[in-house]
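Undergrad: need a 3D model of the following:
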Amino acid sequence: MTQITRPRFVRIGSWLAIPVHMRGVLYVAIASLCVVAVGVATLSMGDLGLAPHEIVQVLSGSADGPSAFVFERLRGPRLVVAIGAGAALAVAGGLFQTVTRNPLGSPDIIGLTSGAGAGAAAATLLWPGVVPVPAGAAAGALIAAGVVYVFTGNGFVSPARVIIAGIAVAAMSVAFIQYVVLIGLRTQSTELAAFIVGSLATRDWADAALIWMALLVLMPMAAGLSRRLQLIEMGDELADALGGKSRRTRTWSILVAVGLSAAAVSVIGPIAFVALTAPQIAKRVTGGTGVCLMGSAVTGALILVVADIIVQRVPLVEDLPVGIVTAGIGGVYLGYLLVGEWKKGTL
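TA: Numbers count the residues shown, from 1 in each chain. Reported below is the predicted structural model:
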């Protein structure tokens with residue numbers, strides 16, 4: 001059983017108190033070092049790999065020639081996008097799991113990623129050249145969230161209704177994707193298939209700027225909600241009695257999560273299971289309550305950069321979309337959860 005540790009608080013003025021667990025701080029530091037290590041390996045491995053001194057030069061802006069080209073055009077944007085998108089998906093998943101009080105709550109479950117895939121399908125095959133694929137994916141995710149909001153009848157207030165409506169939206173989105181793929185041209189369908197699975201190939205600095213801008217805007221909002229989210233975990237009535245404003249907090253949390261998810265899928269497609277597994281891993285390791293924002297973020301970043309280096313360097317899955325590897329990781333983790341619940345007798 002996960003041991004819950006008592007938090008300390010870092011206060012910013014009189015309006016924001018961020019809970020900080022010392023065990024969580026240690027975990028974030030270690031996981032961040034792992035992200036850096038995998039990032040260095042991503043830049044240095046292979047025929048076009050950069051030597052350590054070349055990495056220092058490109059980061060300081062003093063590199064030129066082949067090393068600058070490799071970093072600026074081939075590997076740098078892909079790595080920066082992977083870190084940012086992994087962090088965004090993980091924080092979004094943590095917010096969903098907290099407000100729904102369901103460990104399976106994530107953008108995958110409530111239909112956002114499927115909606116993003118449907119939007120990408122429409123942009124690629126129905127309106128090619130009219131709507132950019134990333135814009136179509138973001139619009140699809142936002143439309144899916146809007147449909148879930150309407151289907152529940154009371155917005156995002158009821159966690160059970162949100163999950164049921166999300167499953168329905170996901171099913172309709174998948175049906176639309178299959179229809180569009182069947183009527184589409186072979187070459188366009190192949191490109192769409194890679195995007196729907198989730199891919200980091202051919203990312204550029206514009207993609208990196210988009211995902212990191214979303215993080216800069218939305219992460220402080222998530223941090224501002226973290227204290228109230230801790231109260232919501234104790235139940236809406238108690239949270240309201242303690243000033244948690246459960247209805248408003250739940251709505252704002254889901255809106256922030258939708259924004260993070262939409263930004264991520266617009267850049268790399270609907271990567272599976274990062275939003276589901278990363279916040280749970282962070283929470284189990286740190287032993288905290290509520291959303292472990294930084295722990296979830298660095299865990300999501302680590303999962304995605306590890307998955308990316310696997311598809312770049314492991315022969316069996318080389319050059320495949322990174323979403324295939326994250327789906328495998330997520331499947332193994334779900335199996336672990338099921339075995340654990342079975343041993344506890346809760347299944």
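
Undergrad: and stretch 300-313, how far from the chain's centre?
TA: 13 Å (Cα atoms, centre = their mean, to the nearest Å).

Undergrad: who touches it?
TA: 31, 34-35, 38-39, 41-42, 45-46, 78-79, 82-91, 93, 200, 271, 274-275, 277-279, 317-322, 324-326, 329 (Cβ atoms under 8 Å, 6 or more residues apart in numbering). Every C-beta, even on glycine, is put in place using the N, C-alpha and C of the backbone.

Undergrad: any quick ChimeraX command for the buried ones out of the residues you listed?
TA: Buried residues within these, by 16 or more other Cβ atoms under 10 Å, are selected in ChimeraX with:
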select :31,34,35,38,39,41,42,78,79,82,83,84,85,86,87,88,89,90,91,93,200,271,274,275,277,278,279,317,320,321,322,324,325,326,329
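
Undergrad: now do the helices in the chain.
TA: 22-44, 52-60, 66-69, 76-100, 112-121, 133-152, 159-183, 186-197, 205-232, 236-241, 246-268, 274-286, 293-313, 322-344 (DSSP state H).

Undergrad: contacts for the fifth one next, please.
TA: With contacts defined as Cβ under 8 Å, 6+ apart, helix 112-121 is touched by 107, 133, 136-145, 147, 166, 169-171, 173-174, 176-177, 180-181, 192, 195-196, 258, 261-262, 265-266, 269-272.

Undergrad: just the buried ones from these?
TA: 107, 133, 136-145, 147, 166, 169-170, 173-174, 176-177, 180-181, 192, 195-196, 258, 261-262, 265-266, 269-272.

Undergrad: who touches the spatially most distant residue from the centre of the chain in this structure?
TA: Using Cα atoms, centre = their mean, the residue of the chain lying farthest from its centre is Gly65. It sits 34.5 Å away. Not one residue lies near Gly65 by Cβ under 8 Å, 6+ apart.

Undergrad: please tell me how far Leu192 sits from Ala122.
TA: 10 Å (Cβ to Cβ, to the nearest Å).

Undergrad: next one: Gly93
TA: Gly93 is 25 Å from Ala122, by Cβ to Cβ.

Undergrad: again, but for Leu112
TA: From Leu112 to Ala122 the distance is 16 Å (Cβ to Cβ).

Undergrad: these two: who's more crowded?
TA: Leu112 (32 against 19; other Cβ atoms under 10 Å).

Undergrad: count of neighbours near Ala92?
TA: Ala92: 32 neighbours (other Cβ under 10 Å).

Undergrad: I appreciate the help and will end here.
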